[in-house]
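Engineer: This is a predicted model, with the sequence first.
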Amino acid sequence: MSDEPPVIEVADLQKTYRTPFRRRKVVALRGINVLVRRGEIFGFLGPNGAGKTTTIRILMGLIAATGGTAKIFGETVPSRAARQRLGFLPEQPYFYDYLTVGELCDLAGRLFGVDAATRKRRADELIARVGLDRARTQNLKKFSKGMMQRAGLAQALMNDPDLVVLDEPMSGLDPIGRKEVRDLILELRERGKTVFFSSHILTDVEAISDRVAIVARGQVRAVGAPHELVGHTQLGVDVSLRLPEADPDAAAKSLAGDLDASAVRRADRQLTLALAGDADVDALLARGRELGARVLAVTPRFETLEDLFLRRIAEVDDPATTTPASAPRAEAAS
Amino acid sequence: MTASLGRMWALALNTFREAARIRVLYGILVLVVGANLFAVLLGEMSQHAEARVARDVGLAGISLFGSLTAIFLGVFLLYSEIQRRTIHAIVSKPIERWEFVVGKYLGMALILSVLVALFAVAMLALLAFQGIAISQAVAQAVLLAWMEVLTVAAIAVFFSSFSTPFLSGIFALALFALGRLTPDILAASESSKSTWVRATTRIALEIVPDLHLFGISGRSVDGAPVSVHGDFVSWGYVLTSCGYALAWIGGLLLIASLIFRRRDFV
Ligand SMILES: Nc1ncnc2c1ncn2[C@@H]1O[C@H](COP(=O)(O)OP(=O)(O)OP(=O)(O)O)[C@@H](O)[C@H]1O
Ligand SMILES: [Mg+2]
């Protein structure tokens, strides 16, 4: 473990797109740093336009970086040797639509240099695994978005890769499909593979990732295990009270005090107040007792991945709080 | 080495399959066979010239429609891979960019060869039907036309490695015309008084492939007039021309590959 290079090693990766004729520049990556270890499921999380696909395309050798380094299995990309050991599902994949899924897998296998017997066996296995058995005779042209995604997964695994890179593998799938893809990813880890996948669906990432990186505006804003990233910051306390039978409205009004309307929830006689972290909970409880209310629950509220995600992204949008981070500002020229 | 060939072959077969689904190709096939038939009917009317007309129309069909199809395929097949992003799942496999370019070209060459063969069979069948002897000259002319078509396909692939289908199509057509009409353009420019015009014409013609080498019937080679209807060229000439075609194809694909290697696929 200690001697072998990380499976993916991205340092200060930068990319500026140039539109060929209008000479317009778009800074997509401003110094991405990511390190993916062997055998882990790594979630690459970020809002639309964060630079997830751009990073992945550089790793896959589809586009060239304009700065920084990216290595897979210790080899600087683009590397044919590295690509031999990885499987890739592109974002919104599209394949030759005149092929069947079996033919697509066969083509992928040929390009990986897999022998005919193994190609046949693996294609059969994988097509069954992604649940396309019944669609084997159809052309991909007739495939739905979700079926195309599954076909893409099957062709990506034809070389029994050590690393699987999936760009938005759950997009376009229904809840069952998403569950199946999550299970597939977990199964790949079970078999010792490394999985790097991008998504902006938080629950999917949180549920299966060993570690995640949150990217926004072309920079990594946070990295770590989901439970490390969240759960430490106590955001506040939720206090639930049962209001007195006599004049509950007055009691509710008094207890809510000058709390923001969004922090007050009331259903009939049950009042829930979301207090800030530094609020005086004891005082509130005392006041509640005076008013004849009964305490139902006092629960600390920790930050969820979603809160963190939203907060980190909000920070990016507010330049005053943007951390000067590792990246030199590359957009000066424009 | 064999692995590299295997990958290119897989891409070539796939490209062949893709191209074989383009309906326009079948339209062109019908058109060319129809033109051959028409030539036969025309020949009937002009009595003595029947063989002449049938051969000329048949060969012109191979050369012209073969080349136009080559431009069409060369310009669109590469572009559509990028446009539809099917290329993403391909170049992310362990293949080199040049293998992709060569594989694509081989697939096109394969389908163009089938097309040229069908054109030729149609022509020969009609000649035979009319009882016209099939001379060695006709075989040589077909071989030369085939080389021309393959060269034009490489020209189209070269342009589409960096340009849009529309522009690539225009460039490739321009090069086809320039190459085809080299002797005529040269003759016209020599009569020009401006040395500047003469010089630029010479340079322009120098850097484009001499496609007229492949369609020499009715012209003169080394001062002697040649014709598929009579005294045609030697096999030496045919072989040299094949070598010339292969050299251009290799060179064009090499440059196309170098350009392709630097391209971003987004
Ligand atoms: N071909 C391109 N030309 C110019 N700009 C581009 C190009 N592709 C992407 N961009 C820009 O680069 C930035 C990052 O885009 P990217 O596709 O990497 O984001 P993403 O994180 O994958 O987003 P999504 O979740 O929507 O897929 C965006 O601002 C986008 O507009
Ligand atoms: Mg994306």
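Structural biologist: Okay, I see it. Numbers count the residues shown, from 1 in each chain, chains lettered A, B, ... in the order given. Ligands and ions are numbered 1, 2, ... in the order given.
Engineer: Going along the chain, name the strands of chain B.
Structural biologist: Assigned strands in chain B, in chain order: B:220-221, B:224-225 (criterion: DSSP state E).
Engineer: what's the closest of those strands to chain A?
Structural biologist: Evaluated over the strands of chain B, closeness to chain A peaks at strand B:220-221, with 44.2 Å, by CB to the nearest CB. (Each C-beta comes from the backbone N, C-alpha and C, glycine too.)
Engineer: how many neighbours does whichever residue of the stretch 201-334 of chain A sits closest to chain B have?
Structural biologist: With CB to the nearest CB, the shortest gap between the stretch 201-334 of chain A and chain B falls at A:Gly218, namely 15.3 Å. A total of 26 residues lie near A:Gly218 under the criterion other CB atoms under 10 Å in any protein chain shown.
Engineer: Show the backbone phi and psi for it.
Structural biologist: Geometry field for A:Gly218 lists phi and psi as phi 80, psi 20, criterion degrees, to the nearest 10.
Engineer: Out of the strands of chain B, which one sits most buried?
Structural biologist: strand B:220-221 (a mean of 12; mean count of other CB atoms under 10 Å in any protein chain shown).
Engineer: quick one: contacts of that one?
Structural biologist: The contact list for strand B:220-221 (CB atoms under 8 Å, 6 or more residues apart in numbering or on different chains) reads B:226, B:233, B:237.
Engineer: any idea of the mean pLDDT for that strand?
Structural biologist: Averaged across strand B:220-221, pLDDT comes to 74.
Engineer: Tell me if stretch A:153-163 is near chain B.
Structural biologist: Yes: interface with chain B: stretch A:153-163 contributes A:155-156 (CB under 8 Å from any CB of the partner chain).
Engineer: mind listing what's buried in that stretch?
Structural biologist: Of the residues in stretch A:153-163, those with enough neighbours to count as buried (16 or more other CB atoms under 10 Å in any protein chain shown) are A:153-159, A:161-163.
Engineer: so the nearest residue to A:Arg136 once chain neighbours are set aside, which of the three states?
Structural biologist: Taking CB to CB, 6 or more residues apart in numbering or on different chains as the measure, A:Arg136 lies nearest to A:Gly102, with 5.8 Å between them; neighbours along the chain are not counted. Here A:Gly102 is helix, with the state taken from DSSP: H, G, I helix; E, B strand; the rest coil.
Engineer: how about A:Gly102, what does it touch?
Structural biologist: So A:Gly102 contacts A:123, A:127, A:136 (CB under 8 Å, 6+ apart).
Engineer: Go again with 10 Å.
Structural biologist: For A:Gly102, the set of contacting residues under the criterion of CB atoms under 10 Å, 6 or more residues apart in numbering or on different chains consists of A:119-120, A:123-124, A:126-127, A:132, A:136-137, A:151, A:154.
Engineer: Distance of it relative to A:Phe44?
Structural biologist: When distance is defined by CB to CB, to the nearest Å, A:Gly102 is 31 Å away from A:Phe44.
Engineer: want to throw the contacts of strand B:220-221 into JSON lines with neighbour count and pLDDT?
Structural biologist: What follows is the contacts of strand B:220-221, written out as JSON lines (neighbours: other CB atoms under 10 Å in any protein chain shown; pLDDT from 0 to 100):
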{"residue": "B:Val226", "neighbour count": "19", "pLDDT": "80"}
{"residue": "B:Val233", "neighbour count": "22", "pLDDT": "80"}
{"residue": "B:Tyr237", "neighbour count": "17", "pLDDT": "90"}
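Engineer: Show me which of the residues you listed is closest to ligand 1.
Structural biologist: B:Tyr237 (49.4 Å; CB to the nearest ligand atom).
Engineer: ok, how many other residues are close to residue 227?
Structural biologist: You didn't pick a chain, so chain A it is. Using other CB under 10 Å, the number of residues around A:His227 comes to 10.
Engineer: my question was about chain B
Structural biologist: B:Ser227 sits with 18 neighbouring residues when counted by other CB under 10 Å.
Engineer: before we move on, what about the one 4 residues further on?
Structural biologist: If you count neighbours by other CB under 10 Å, B:Asp231 ends up with 11.
Engineer: right, and it touches B:Pro225 too?
Structural biologist: Yes: under the criterion of CB atoms under 10 Å, B:Asp231 makes contact with B:Pro225 at 7.7 Å.
Engineer: quick one on the thing from earlier: could you redo the contacts of A:Gly102 as JSON lines and give each row secondary structure and pLDDT?
Structural biologist: Converted to JSON lines, the contacts of A:Gly102 look like this (DSSP: H, G, I helix; E, B strand; the rest coil; pLDDT from 0 to 100):
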{"residue": "A:Arg119", "secondary structure": "helix", "pLDDT": "97"}
{"residue": "A:Lys120", "secondary structure": "helix", "pLDDT": "97"}
{"residue": "A:Ala123", "secondary structure": "helix", "pLDDT": "97"}
{"residue": "A:Asp124", "secondary structure": "helix", "pLDDT": "97"}
{"residue": "A:Leu126", "secondary structure": "helix", "pLDDT": "97"}
{"residue": "A:Ile127", "secondary structure": "helix", "pLDDT": "97"}
{"residue": "A:Leu132", "secondary structure": "coil", "pLDDT": "94"}
{"residue": "A:Arg136", "secondary structure": "coil", "pLDDT": "94"}
{"residue": "A:Thr137", "secondary structure": "coil", "pLDDT": "93"}
{"residue": "A:Ala151", "secondary structure": "helix", "pLDDT": "95"}
{"residue": "A:Ala154", "secondary structure": "helix", "pLDDT": "96"}
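Engineer: Just the buried subset of the residues you listed, please.
Structural biologist: Under a neighbour-count criterion of 16+ other CB under 10 Å, the subset of those counted as buried comprises A:119, A:123, A:126-127, A:132, A:151, A:154.
Engineer: what's the most distant pair in those residues?
Structural biologist: Every pair in the buried ones among the contacts of A:Gly102 was compared (CB to CB); the two farthest apart turn out to be A:Arg119 and A:Leu132, at 16.4 Å.
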